[in-house]
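*Asks:* Okay, here's the prediction I keep looking at, along with the sequence it came from:
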Amino acid sequence: MKALTLVLSLLASVAYAQDAAPAVDMATAPDLALPPDPDAPTVGASLDKAEAYVGDKLALTITAIAHAGIAVNLPQKLELGKLELLERDDGEAQGRDLGDGRRSFRFVLHVAAYEVGPTEVPPLPLTYLSPRGDVRTVSTDPVSLTIRALVDESQTKLEPQPERGPRTAMIEDRRVVRAIWVTIGLLALGALAFLVRRLVRRVRRTEAELAGPVVPSRPPGEVAIERLSAIRARGDFARDGYRPFAFEIAEIVRAYLGARYGFDSLELTSTELLAELERFAAHLVSPESEVVRFLEDTDLMKFANAGSSDGTALLLLDSAQRIVLATAPKLESAEEMLSGPVRPPMPLDGGKS
(Lines give C-alpha, C1' and ligand atoms only; values in the text may rest on other atoms or scores of the structure.)
Protein backbone atom coordinates (compact mmCIF):
# COMPACT_ATOMS: atom_id res chain seq x y z
CA MET A 1 0.00 0.00 0.00
CA LYS A 2 2.85 2.36 0.87
CA ALA A 3 4.56 1.59 -2.44
CA LEU A 4 1.40 2.38 -4.42
CA THR A 5 0.99 5.69 -2.60
CA LEU A 6 4.63 6.68 -3.45
CA VAL A 7 4.15 5.91 -7.17
CA LEU A 8 0.99 8.00 -7.34
CA SER A 9 2.75 10.92 -5.66
CA LEU A 10 5.60 10.83 -8.21
CA LEU A 11 3.16 10.76 -11.14
CA ALA A 12 1.31 13.78 -9.73
CA SER A 13 4.58 15.73 -9.35
CA VAL A 14 5.60 15.02 -12.94
CA ALA A 15 2.19 16.16 -14.27
CA TYR A 16 2.38 19.40 -12.26
CA ALA A 17 5.89 20.13 -13.56
CA GLN A 18 4.78 19.62 -17.17
CA ASP A 19 1.81 22.00 -16.70
CA ALA A 20 4.06 24.68 -15.16
CA ALA A 21 6.78 24.58 -17.89
CA PRO A 22 6.51 27.38 -20.56
CA ALA A 23 5.70 26.47 -24.12
CA VAL A 24 8.53 26.92 -26.74
CA ASP A 25 7.80 28.26 -30.21
CA MET A 26 9.95 26.11 -32.49
CA ALA A 27 9.35 28.41 -35.42
CA THR A 28 11.10 31.31 -33.72
CA ALA A 29 13.86 29.29 -32.06
CA PRO A 30 14.52 26.20 -34.14
CA ASP A 31 18.03 25.80 -32.73
CA LEU A 32 16.58 24.96 -29.28
CA ALA A 33 15.47 21.66 -30.75
CA LEU A 34 19.01 20.92 -31.95
CA PRO A 35 22.04 20.04 -29.88
CA PRO A 36 24.98 22.52 -29.67
CA ASP A 37 27.00 22.63 -32.92
CA PRO A 38 30.79 22.31 -32.53
CA ASP A 39 31.18 23.73 -36.07
CA ALA A 40 29.26 26.96 -35.34
CA PRO A 41 31.11 30.05 -36.64
CA THR A 42 32.50 32.68 -34.32
CA VAL A 43 30.65 35.97 -34.80
CA GLY A 44 30.98 39.52 -33.46
CA ALA A 45 29.78 43.08 -33.98
CA SER A 46 31.54 46.43 -33.41
CA LEU A 47 30.91 50.15 -33.93
CA ASP A 48 33.51 52.66 -35.07
CA LYS A 49 32.41 55.02 -32.27
CA ALA A 50 31.26 54.41 -28.69
CA GLU A 51 29.79 57.92 -28.52
CA ALA A 52 28.21 59.91 -31.33
CA TYR A 53 25.97 62.88 -31.95
CA VAL A 54 22.43 62.78 -33.26
CA GLY A 55 22.44 61.98 -36.97
CA ASP A 56 26.13 60.93 -37.12
CA LYS A 57 26.85 58.22 -39.69
CA LEU A 58 28.22 55.16 -37.88
CA ALA A 59 29.82 52.00 -39.28
CA LEU A 60 28.51 48.79 -37.73
CA THR A 61 30.77 45.87 -38.72
CA ILE A 62 29.59 42.23 -38.36
CA THR A 63 32.25 39.54 -38.77
CA ALA A 64 32.12 35.75 -38.79
CA ILE A 65 34.90 33.14 -38.83
CA ALA A 66 33.82 29.67 -40.00
CA HIS A 67 35.33 26.39 -41.12
CA ALA A 68 35.93 26.07 -44.85
CA GLY A 69 32.83 24.81 -46.62
CA ILE A 70 30.41 26.61 -44.29
CA ALA A 71 28.57 29.58 -45.80
CA VAL A 72 27.48 32.41 -43.49
CA ASN A 73 24.67 34.83 -44.38
CA LEU A 74 23.37 38.06 -42.79
CA PRO A 75 19.60 38.37 -43.38
CA GLN A 76 18.35 41.37 -45.34
CA LYS A 77 15.73 42.30 -42.74
CA LEU A 78 17.35 43.14 -39.40
CA GLU A 79 16.03 44.53 -36.16
CA LEU A 80 18.35 47.41 -35.23
CA GLY A 81 16.45 48.85 -32.29
CA LYS A 82 16.78 52.65 -32.16
CA LEU A 83 19.24 52.71 -35.04
CA GLU A 84 18.25 53.45 -38.63
CA LEU A 85 19.92 51.68 -41.54
CA LEU A 86 21.39 54.13 -44.09
CA GLU A 87 23.22 51.77 -46.42
CA ARG A 88 24.69 48.29 -46.50
CA ASP A 89 28.00 46.91 -47.80
CA ASP A 90 28.27 43.15 -48.41
CA GLY A 91 31.69 43.37 -50.05
CA GLU A 92 33.02 40.25 -48.29
CA ALA A 93 29.74 38.35 -48.04
CA GLN A 94 31.23 35.50 -50.12
CA GLY A 95 33.99 35.02 -47.61
CA ARG A 96 37.76 35.38 -47.68
CA ASP A 97 40.09 32.39 -47.31
CA LEU A 98 42.31 32.77 -44.24
CA GLY A 99 44.67 29.98 -45.35
CA ASP A 100 44.25 27.75 -42.28
CA GLY A 101 41.08 25.92 -43.24
CA ARG A 102 38.87 28.81 -42.22
CA ARG A 103 37.03 31.61 -44.04
CA SER A 104 36.23 35.13 -42.92
CA PHE A 105 32.92 36.85 -43.64
CA ARG A 106 32.41 40.59 -43.18
CA PHE A 107 29.30 42.78 -43.45
CA VAL A 108 29.22 46.58 -42.91
CA LEU A 109 26.04 48.45 -42.05
CA HIS A 110 26.04 52.26 -42.04
CA VAL A 111 23.55 53.39 -39.40
CA ALA A 112 22.49 56.52 -37.54
CA ALA A 113 20.58 57.27 -34.33
CA TYR A 114 18.20 60.18 -33.77
CA GLU A 115 17.31 59.73 -30.09
CA VAL A 116 19.52 61.17 -27.37
CA GLY A 117 20.71 58.90 -24.59
CA PRO A 118 22.27 55.47 -24.07
CA THR A 119 21.20 52.74 -26.47
CA GLU A 120 22.59 49.52 -27.88
CA VAL A 121 22.78 47.53 -31.05
CA PRO A 122 20.65 44.46 -30.43
CA PRO A 123 22.00 40.97 -31.12
CA LEU A 124 22.06 40.36 -34.86
CA PRO A 125 21.37 36.86 -36.22
CA LEU A 126 23.54 35.16 -38.85
CA THR A 127 22.47 31.92 -40.52
CA TYR A 128 24.76 29.16 -41.72
CA LEU A 129 24.55 25.65 -43.11
CA SER A 130 26.29 23.02 -40.97
CA PRO A 131 28.26 20.14 -42.54
CA ARG A 132 25.36 17.87 -41.58
CA GLY A 133 22.93 19.92 -43.65
CA ASP A 134 21.24 21.72 -40.76
CA VAL A 135 20.31 25.42 -41.15
CA ARG A 136 21.35 27.06 -37.93
CA THR A 137 21.45 30.57 -36.50
CA VAL A 138 24.10 32.24 -34.40
CA SER A 139 23.81 35.81 -32.99
CA THR A 140 26.24 38.57 -32.10
CA ASP A 141 26.47 40.13 -28.68
CA PRO A 142 24.78 43.53 -28.17
CA VAL A 143 26.94 46.64 -28.59
CA SER A 144 26.51 49.68 -26.31
CA LEU A 145 26.29 53.20 -27.74
CA THR A 146 25.72 56.69 -26.33
CA ILE A 147 24.02 59.38 -28.44
CA ARG A 148 24.59 63.01 -27.52
CA ALA A 149 22.64 66.10 -28.55
CA LEU A 150 24.21 68.61 -30.92
CA VAL A 151 23.65 71.38 -28.35
CA ASP A 152 23.99 70.71 -24.65
CA GLU A 153 20.77 72.22 -23.33
CA SER A 154 21.95 71.89 -19.73
CA GLN A 155 24.77 74.37 -20.40
CA THR A 156 22.73 76.73 -22.55
CA LYS A 157 21.23 79.54 -20.53
CA LEU A 158 19.18 82.17 -22.25
CA GLU A 159 19.29 85.20 -20.01
CA PRO A 160 18.12 88.70 -20.98
CA GLN A 161 20.98 91.12 -21.46
CA PRO A 162 21.02 94.31 -19.40
CA GLU A 163 20.08 97.52 -21.14
CA ARG A 164 23.02 99.54 -22.37
CA GLY A 165 23.00 103.21 -23.10
CA PRO A 166 23.98 104.70 -26.45
CA ARG A 167 27.67 104.83 -27.23
CA THR A 168 29.64 107.23 -29.36
CA ALA A 169 31.81 105.67 -32.05
CA MET A 170 34.35 107.50 -34.19
CA ILE A 171 34.37 106.33 -37.78
CA GLU A 172 37.16 107.51 -40.03
CA ASP A 173 35.97 109.14 -43.22
CA ARG A 174 37.99 107.29 -45.81
CA ARG A 175 36.68 109.49 -48.61
CA VAL A 176 39.17 112.24 -47.77
CA VAL A 177 42.05 109.77 -47.76
CA ARG A 178 40.93 108.28 -51.07
CA ALA A 179 40.60 111.75 -52.60
CA ILE A 180 44.14 112.61 -51.48
CA TRP A 181 45.55 109.42 -52.97
CA VAL A 182 43.63 109.96 -56.22
CA THR A 183 45.02 113.48 -56.45
CA ILE A 184 48.55 112.25 -55.79
CA GLY A 185 48.10 109.56 -58.45
CA LEU A 186 46.87 112.06 -61.04
CA LEU A 187 49.74 114.42 -60.29
CA ALA A 188 52.20 111.54 -60.57
CA LEU A 189 50.72 110.51 -63.93
CA GLY A 190 50.89 114.10 -65.16
CA ALA A 191 54.52 114.42 -64.10
CA LEU A 192 55.32 111.10 -65.75
CA ALA A 193 53.64 112.15 -68.99
CA PHE A 194 55.58 115.44 -68.94
CA LEU A 195 58.89 113.65 -68.37
CA VAL A 196 58.15 111.17 -71.16
CA ARG A 197 57.32 113.99 -73.53
CA ARG A 198 60.53 115.86 -72.66
CA LEU A 199 62.51 112.65 -73.07
CA VAL A 200 61.00 111.95 -76.49
CA ARG A 201 61.79 115.49 -77.63
CA ARG A 202 65.35 115.23 -76.36
CA VAL A 203 65.85 111.92 -78.14
CA ARG A 204 64.48 113.35 -81.37
CA ARG A 205 66.65 116.42 -81.03
CA THR A 206 69.73 114.29 -80.38
CA GLU A 207 68.95 112.07 -83.36
CA ALA A 208 68.51 115.16 -85.56
CA GLU A 209 71.80 116.64 -84.37
CA LEU A 210 73.64 113.37 -84.96
CA ALA A 211 72.08 112.92 -88.39
CA GLY A 212 73.03 116.46 -89.39
CA PRO A 213 70.91 118.90 -91.35
CA VAL A 214 68.35 117.37 -93.63
CA VAL A 215 68.70 118.57 -97.17
CA PRO A 216 65.20 118.54 -98.67
CA SER A 217 64.62 117.76 -102.31
CA ARG A 218 63.12 121.24 -102.59
CA PRO A 219 64.01 124.35 -100.61
CA PRO A 220 61.74 124.66 -97.53
CA GLY A 221 60.95 128.26 -98.43
CA GLU A 222 59.67 127.24 -101.84
CA VAL A 223 57.49 124.50 -100.28
CA ALA A 224 56.07 126.95 -97.68
CA ILE A 225 55.24 129.65 -100.27
CA GLU A 226 53.54 127.04 -102.45
CA ARG A 227 51.37 125.77 -99.57
CA LEU A 228 50.43 129.30 -98.46
CA SER A 229 49.49 130.23 -102.02
CA ALA A 230 47.25 127.16 -102.24
CA ILE A 231 45.43 128.21 -99.05
CA ARG A 232 44.95 131.73 -100.44
CA ALA A 233 43.55 130.37 -103.71
CA ARG A 234 41.25 127.92 -101.91
CA GLY A 235 39.63 130.54 -99.67
CA ASP A 236 36.91 129.35 -97.23
CA PHE A 237 38.84 130.75 -94.26
CA ALA A 238 35.84 131.06 -91.94
CA ARG A 239 35.16 127.31 -91.59
CA ASP A 240 34.73 126.30 -87.91
CA GLY A 241 35.43 129.82 -86.64
CA TYR A 242 38.73 130.21 -88.60
CA ARG A 243 40.43 127.65 -86.28
CA PRO A 244 41.40 125.07 -89.00
CA PHE A 245 42.80 127.93 -91.10
CA ALA A 246 44.90 129.20 -88.17
CA PHE A 247 46.22 125.68 -87.38
CA GLU A 248 47.18 125.08 -91.01
CA ILE A 249 49.13 128.28 -91.66
CA ALA A 250 50.81 128.07 -88.22
CA GLU A 251 51.98 124.52 -89.01
CA ILE A 252 53.39 125.67 -92.38
CA VAL A 253 55.41 128.47 -90.75
CA ARG A 254 56.61 126.19 -87.91
CA ALA A 255 57.69 123.47 -90.34
CA TYR A 256 59.52 126.02 -92.44
CA LEU A 257 61.40 127.58 -89.50
CA GLY A 258 62.46 124.15 -88.20
CA ALA A 259 63.69 123.08 -91.65
CA ARG A 260 65.34 126.44 -92.26
CA TYR A 261 67.34 126.49 -89.01
CA GLY A 262 67.78 122.75 -88.41
CA PHE A 263 65.58 121.70 -85.44
CA ASP A 264 62.36 119.75 -84.87
CA SER A 265 59.71 122.43 -84.53
CA LEU A 266 56.31 120.74 -84.99
CA GLU A 267 56.10 119.30 -81.43
CA LEU A 268 57.08 122.55 -79.69
CA THR A 269 54.84 125.11 -78.04
CA SER A 270 55.13 128.72 -79.16
CA THR A 271 57.35 129.53 -76.16
CA GLU A 272 59.61 126.54 -76.88
CA LEU A 273 59.75 127.46 -80.57
CA LEU A 274 60.92 131.01 -79.74
CA ALA A 275 63.54 129.55 -77.37
CA GLU A 276 64.93 127.41 -80.20
CA LEU A 277 64.89 130.35 -82.60
CA GLU A 278 66.86 132.38 -80.05
CA ARG A 279 69.65 129.80 -80.36
CA PHE A 280 69.78 129.90 -84.17
CA ALA A 281 68.24 133.26 -85.22
CA ALA A 282 68.00 135.61 -82.27
CA HIS A 283 66.92 138.53 -84.45
CA LEU A 284 63.59 136.80 -85.10
CA VAL A 285 62.47 136.72 -81.44
CA SER A 286 62.50 140.40 -80.51
CA PRO A 287 59.15 141.61 -79.07
CA GLU A 288 58.41 143.64 -82.20
CA SER A 289 59.38 140.92 -84.70
CA GLU A 290 56.80 139.62 -87.13
CA VAL A 291 57.41 136.00 -86.02
CA VAL A 292 56.37 136.81 -82.44
CA ARG A 293 53.25 138.69 -83.58
CA PHE A 294 52.32 135.89 -86.00
CA LEU A 295 52.57 133.20 -83.28
CA GLU A 296 50.53 135.29 -80.82
CA ASP A 297 47.78 136.01 -83.36
CA THR A 298 47.44 132.37 -84.52
CA ASP A 299 47.47 131.11 -80.91
CA LEU A 300 44.59 133.46 -80.07
CA MET A 301 42.62 132.19 -83.05
CA LYS A 302 43.41 128.52 -82.29
CA PHE A 303 42.97 128.36 -78.52
CA ALA A 304 41.10 131.47 -77.35
CA ASN A 305 38.32 131.40 -79.94
CA ALA A 306 39.14 135.02 -80.77
CA GLY A 307 36.86 136.59 -83.33
CA SER A 308 38.17 136.97 -86.86
CA SER A 309 37.22 137.83 -90.41
CA ASP A 310 38.30 137.09 -93.93
CA GLY A 311 40.30 140.32 -93.95
CA THR A 312 42.19 139.24 -90.84
CA ALA A 313 42.81 135.82 -92.42
CA LEU A 314 44.34 137.46 -95.49
CA LEU A 315 46.56 139.62 -93.25
CA LEU A 316 47.78 136.45 -91.47
CA LEU A 317 48.55 134.89 -94.86
CA ASP A 318 50.52 138.01 -95.83
CA SER A 319 52.43 137.87 -92.53
CA ALA A 320 53.32 134.19 -93.04
CA GLN A 321 54.57 134.87 -96.57
CA ARG A 322 56.69 137.83 -95.38
CA ILE A 323 58.32 135.63 -92.69
CA VAL A 324 59.26 133.03 -95.32
CA LEU A 325 60.48 135.56 -97.89
CA ALA A 326 62.48 137.49 -95.27
CA THR A 327 64.34 134.44 -93.93
CA ALA A 328 64.63 132.05 -96.91
CA PRO A 329 67.41 132.15 -99.47
CA LYS A 330 66.41 133.99 -102.63
CA LEU A 331 63.49 132.32 -104.33
CA GLU A 332 63.65 132.89 -108.08
CA SER A 333 59.95 132.26 -108.67
CA ALA A 334 58.64 133.64 -105.36
CA GLU A 335 56.81 136.61 -106.97
CA GLU A 336 55.22 134.33 -109.55
CA MET A 337 53.99 131.90 -106.83
CA LEU A 338 52.22 134.67 -104.93
CA SER A 339 48.70 135.20 -106.21
CA GLY A 340 48.72 138.84 -105.12
CA PRO A 341 51.01 141.47 -103.71
CA VAL A 342 52.11 141.17 -100.11
CA ARG A 343 50.30 143.78 -98.03
CA PRO A 344 52.07 145.85 -95.37
CA PRO A 345 51.42 144.90 -91.72
CA MET A 346 47.99 145.94 -90.41
CA PRO A 347 46.33 145.52 -87.01
CA LEU A 348 44.58 142.14 -86.60
CA ASP A 349 41.09 141.69 -85.15
CA GLY A 350 41.42 140.49 -81.59
CA GLY A 351 45.28 140.47 -81.84
CA LYS A 352 48.15 142.81 -81.41
CA SER A 353 49.28 145.38 -83.98
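*Replies:* Here it is on my side, so go on. Keep in mind that what you see is a predicted model, and the values were worked out from it rather than measured.
*Asks:* Quick one: mean pLDDT over stretch 285-305.
*Replies:* Average pLDDT, stretch 285-305: 86.
*Asks:* got the buried residues for it?
*Replies:* By 16 or more other C-beta atoms under 10 Å, the buried positions in stretch 285-305 come out as 285, 289-295, 297-302. For glycine as for every other residue, the C-beta is placed from the backbone atoms N, C-alpha and C.
*Asks:* Next: stretch 312-319.
*Replies:* 312-319.
*Asks:* Which members of the buried residues of stretch 285-305 occur in helices, if any?
*Replies:* 290-295, 297-302 (DSSP state H).
*Asks:* Filter the buried residues of stretch 312-319 down to the ones in helices?
*Replies:* Among these, the members that lie in helices (by DSSP H) are 312-319.
*Asks:* thinking again about what came up before, how about TSV for the buried residues of stretch 285-305, with distance to residue 189 added?
*Replies:* Shown next, in TSV, are the buried residues of stretch 285-305 (distance: C-beta to C-beta, whole Å):
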residue	distance to residue 189
285	33
289	38
290	39
291	35
292	34
293	36
294	34
295	30
297	34
298	30
299	26
300	30
301	31
302	26
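*Asks:* now the strands for the stretch 201-350 of the chain?
*Replies:* In the stretch 201-350 of the chain, no strands are found when defined by DSSP state E, counting those that start in this stretch.
*Asks:* low pLDDT regions in it?
*Replies:* Counting by pLDDT under 70, the ranges of the stretch 201-350 of the chain that qualify are 208-209, 211-216, 306-307, 330-350.
*Asks:* Which helix or which strand is home to the residue most central in space within the chain?
*Replies:* Centroid-nearest residue in the chain: residue 178, 23.4 Å away (criterion: C-alpha atoms, centre = their mean). Under the criterion of DSSP states H and E, residue 178 resides in helix 174-211.
*Asks:* And residue 103, by the same measure?
*Replies:* Here residue 103 is assigned to strand 102-113, by DSSP H and E.
*Asks:* Which positions in that strand come out as buried?
*Replies:* 102-103, 105-109, 111-113.
*Asks:* longest single strand anywhere in this structure?
*Replies:* strand 83-97 (DSSP state E).
*Asks:* Partner strands of it, with direction?
*Replies:* Applying DSSP bridges, strand 83-97 is found paired with strand 102-113 (antiparallel).
*Asks:* helix or strand right after the partner strand?
*Replies:* strand 117-121.
*Asks:* Now do that next one: distance to the chain's middle.
*Replies:* 50 Å (C-alpha atoms, centre = their mean, to the nearest Å).
*Asks:* Can you give the strand pairings for it, parallel or anti for each?
*Replies:* Partner strands for strand 117-121, per DSSP bridges, with pairing direction: strand 143-148 (antiparallel).
*Asks:* Please give me every residue in contact with residue 165.
*Replies:* The contact partners of residue 165, by C-beta atoms under 8 Å, 6 or more residues apart in numbering, come to none.
*Asks:* Doesn't it belong to a strand?
*Replies:* No: counting by DSSP: H, G, I helix; E, B strand; the rest coil, residue 165 is not part of a strand but coil.
*Asks:* Next one: it from residue 171, what distance?
*Replies:* To residue 171, residue 165 is 19 Å away according to C-beta to C-beta, to the nearest Å.
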